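Asks: whatever this is, show me its structure:
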Amino acid sequence: MANLDKQFVIFIGKKIREEREKMGISQEQLGKLAKMHRTYVGMIERGEKNITIYNLRKFAVALRLQVRDLVDFD
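Replies: Alright, predicted model coming up:
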């Protein structure tokens, strides 16, 4: 993965964690809301896994956000 791509994956993970923490919910709770396993949520938040657009949308819905709110990377 190219450096800029890796930075973007890390950025999205941090954004998801930030929004989850704003809601005051655990990774397990977010996983249930998004219909994903807690370990997958953790891997995404740490930037260890590249997220698909489909799963990005599931996170956005669970966090009550628009996808664009999670990917605004300037």
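Asks: got a list of what the most centrally placed residue in the chain touches?
Replies: Residue closest to the average C-alpha location in the chain (CA atoms, centre = their mean): Ile16, at 3.8 Å. Counting by CB atoms under 8 Å, 6 or more residues apart in numbering, Ile16 touches Leu30, Val41, Ile44, Glu45, Phe59, Leu63, Leu70. For glycine as for every other residue, the C-beta is placed from the backbone atoms N, C-alpha and C.
Asks: okay, buried residues for the helix or strand hosting it please.
Replies: Assigned by DSSP states H and E, Ile16 belongs to helix 3-23. For helix 3-23, a neighbour-count test (16 or more other CB atoms under 10 Å) marks Phe8, Val9, Ile12, Gly13, Lys15, Ile16, Arg17, Glu19, Arg20 as buried.
Asks: which residues touch the nearest residue to the fifth one once chain neighbours are set aside?
Replies: In other words, Lys15. In space, and not counting its chain neighbours, Lys15 is closest to Leu70: 5.2 Å by CB to CB, 6 or more residues apart in numbering. Leu70 sits next to Ile12, Lys15, Ile16, Glu19, Leu56, Phe59, Ala60, Leu63 when contact means CB under 8 Å, 6+ apart.
Asks: for Met36, see how far away Asp72 is.
Replies: Separation of Asp72 from Met36 (CB to CB, to the nearest Å) stands at 22 Å.
Asks: which of those two has more residues huddled nearby?
Replies: Neighbour totals were compared for Asp72 and Met36, and Met36 leads with 17 against 10 (other CB atoms under 10 Å).
Asks: need the contact list for that one.
Replies: Applying CB under 8 Å, 6+ apart, one finds that Met36 lies in contact with Leu30, Asn55, Lys58.
Asks: measure it to Gln29 for me?
Replies: 11 Å.
Asks: got it, and Ile16?
Replies: Ile16 is 13 Å from Gln29, by CB to CB.
Asks: what angle separates whatever helix or strand Arg57 lives in from helix 3-23?
Replies: Using DSSP H and E, Arg57 falls within helix 53-62. On the basis of axes from the mean of the first three to the mean of the last three CA atoms, to 10 degrees, helix 53-62 is oriented at 20 degrees to helix 3-23.
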